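Participant: predicted coordinates and the sequence they were generated for:
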Amino acid sequence: MPGQATTRPWLKSARAVLVTGLLMAALWGLVDRDQLATLWAGLDARWWALAVLMLPAQMVLGGLRWRRVAADLDLPLPRRHALQEYGLSMALNQLMPGGMAGDAVRVWRHRCGHGALGAPLRAALVERVIGHVAHLVVTLIGLALWPWVHQRSSPVWAWVVVLGILGVVIFIGLRPMPGLRALTQDARVALSRPSQWFTHGFFSAALLATILIGFYACARAIGLHLGWGTLTAVPLMMLVLVLPVSIGGWGLRELSSVLVFSLLGWSTTDAVAVSAAYGMSCLVGALPAAIFWFKSGEAR
């Protein structure tokens with residue numbers, strides 16, 4: 001119907017706002033508010049500033065990975081343009097409902113000079129898929145280390161979820177569905193040489209490291225000890241952020257934190273406190289990219 005195309009984005013945005021609001025309200029009713037206030041009142045600004053600085057690093061690493069994928073697919077991007085556009089997309093993803101608005105803007109602007117939208121869209125998707133696969137691999141490493149680090153078996157449901165997702169990705173790569181054949185072919189082109197595997201692996205590993213450092217720094221900032229849980233629990237907890245159903249991951253990230261960190265003996269309040277501190281560090285760290293973009297005149 002003609003009206004559906006125009007109303008659907010608004011419905012998705014409303015859904016993201018509703019999901020975020022409901023989840024945060026539910027969690028707010030579960031936490032010890034006095035303890036939460038005490039944790040945040042004692043926040044160490046130095047550790048939290050380190051977490052904030054991880055966002056610009058993620059923008060640079062993500063932008064370079066995207067630029068390399070685009071070059072592999074004959075869709076060249078100047079380095080400065082790639083970094084600037086990737087930074088803007090991350091900032092918009094933090095601020096707008098759904099968590100994908102920034103990527104949509106990045107793809108739309110990348111189409112300039114390349115004609116149709118299809119190829120730039122696939123380049124952005126391939127870049128994201130590479131990042132998600134790297135995240136799954138790191139999560140599996142964390143689950144494998146879980147028994148030695150935490151002296152207890154890793155959660156069975158986590159293995160099922162991670163291996164299930166990875167299995168779907170591998171199956172699609174080997175036997176793509178009709179609507180995904182062009183995307184799969186582009187992914188094969190972007191990963192056809194050992195040098196490409198090394199480059200994308202390096203950028204992905206470094207980017208994941210900044211995420212883990214940021215979360216570890218937030219835990220230290222409010223006086224909680226995360227230790228090796230940074231490698232075992234945080235990647236598992238962060239998997240939920242692939243779902244584009246909230247604003248900047250708020251609500252989903254906190255709920256996932258409560259679930260995963262309860263396995264380490266953390267209270268609901270501790271988990272929400274660290275997750276919210278990390279969410280605020282992402283928001284503050286991403287804002288300069290948006291401000292720089294608007295001041296540069298590119299917005300016009």
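Facilitator: On my side now, so go ahead.
Participant: all contacts plus neighbour counts: C-alpha atoms, from now on.
Facilitator: OK.
Participant: what residues are up against Gly63?
Facilitator: Ala82, Leu83, Gln84, Glu85, Tyr86, Gly87 (C-alpha atoms under 8 Å, 6 or more residues apart in numbering).
Participant: now, which of the residues you listed lie within helices?
Facilitator: The members of those that map onto helices under DSSP state H are Ala82, Leu83, Gln84, Glu85, Tyr86, Gly87.
Participant: for those residues, give me CSV that also has neighbour count, pLDDT and distance to Trp157.
Facilitator: Shown next, in CSV, are the ones in helices among the contacts of Gly63 (neighbours: other C-alpha atoms under 10 Å; pLDDT from 0 to 100; distance: C-alpha to C-alpha, whole Å):
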residue, neighbour count, pLDDT, distance to Trp157
Ala82, 24, 88, 38
Leu83, 23, 89, 37
Gln84, 19, 86, 39
Glu85, 25, 86, 37
Tyr86, 28, 89, 34
Gly87, 29, 87, 34
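Participant: give me the low-pLDDT residue ranges for the stretch 151-300 of the chain?
Facilitator: Of all residues in the stretch 151-300 of the chain, those with pLDDT under 70 make up the ranges 292-300.
Participant: before we move on, which element is the closest residue to Ala276 other than its chain neighbours in?
Facilitator: Leaving aside its chain neighbours, Ala276 sits nearest to Glu254 (6.9 Å; criterion: C-alpha to C-alpha, 6 or more residues apart in numbering). Per DSSP states H and E, Glu254 falls inside helix 252-261.
Participant: name the helices or strands packed onto the very next helix or strand once past that helix?
Facilitator: As assigned by DSSP H and E, the chain's next helix or strand after helix 252-261 is helix 268-295. Judged by 3 or more C-alpha pairs under 8 Å, 6 or more residues apart in numbering; DSSP states H and E, helix 268-295 is in contact with helix 2-30, helix 33-41, helix 45-72, helix 79-95, helix 194-221, helix 252-261.
Participant: hmm, try it at 7 Å
Facilitator: helix 45-72, helix 79-95, helix 194-221, helix 252-261 (3 or more C-alpha pairs under 7 Å, 6 or more residues apart in numbering; DSSP states H and E).
Participant: on that earlier part again, for the contacts of Gly63, work out which two are farthest apart.
Facilitator: Ala82 and Gly87 (8.4 Å; C-alpha to C-alpha).
Participant: report the central residue of the protein.
Facilitator: Leu241 (5.8 Å; C-alpha atoms, centre = their mean).
Participant: looking at the ones in helices among the contacts of Gly63, which is nearest Leu140?
Facilitator: Nearest to Leu140 out of the ones in helices among the contacts of Gly63 is Tyr86 (C-alpha to C-alpha; 27.5 Å).
Participant: Met59 is in contact with that closest one, correct?
Facilitator: Yes. Between Tyr86 and Met59 there is a contact at 6.1 Å, judged by C-alpha atoms under 7 Å.
Participant: what about the spatially closest residue to Gly279 that is not a sequence neighbour, which SS state?
Facilitator: Leaving aside its sequence neighbours, Gly279 sits nearest to Trp250 (C-alpha to C-alpha, 6+ apart; 7.1 Å). Following DSSP: H, G, I helix; E, B strand; the rest coil, Trp250 is assigned to coil.
Participant: quick check on Trp250: phi, psi?
Facilitator: Main-chain torsions, Trp250, degrees, to the nearest 10: phi -60, psi 140.
Participant: give me the neighbour count for it.
Facilitator: Residues within reach of Trp250, counting by other C-alpha atoms under 10 Å, total 24.
Participant: so it sits against Thr20, correct?
Facilitator: Yes. Counting by C-alpha under 7 Å, Trp250 does reach Thr20; the two are 6.0 Å apart.
Participant: tabulate the contacts of Gly63 (JSON lines), appending distance to Ala205.
Facilitator: Formatted as JSON lines, these follow (distance: C-alpha to C-alpha, whole Å):
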{"residue": "Ala82", "distance to Ala205": "19"}
{"residue": "Leu83", "distance to Ala205": "18"}
{"residue": "Gln84", "distance to Ala205": "21"}
{"residue": "Glu85", "distance to Ala205": "21"}
{"residue": "Tyr86", "distance to Ala205": "18"}
{"residue": "Gly87", "distance to Ala205": "19"}
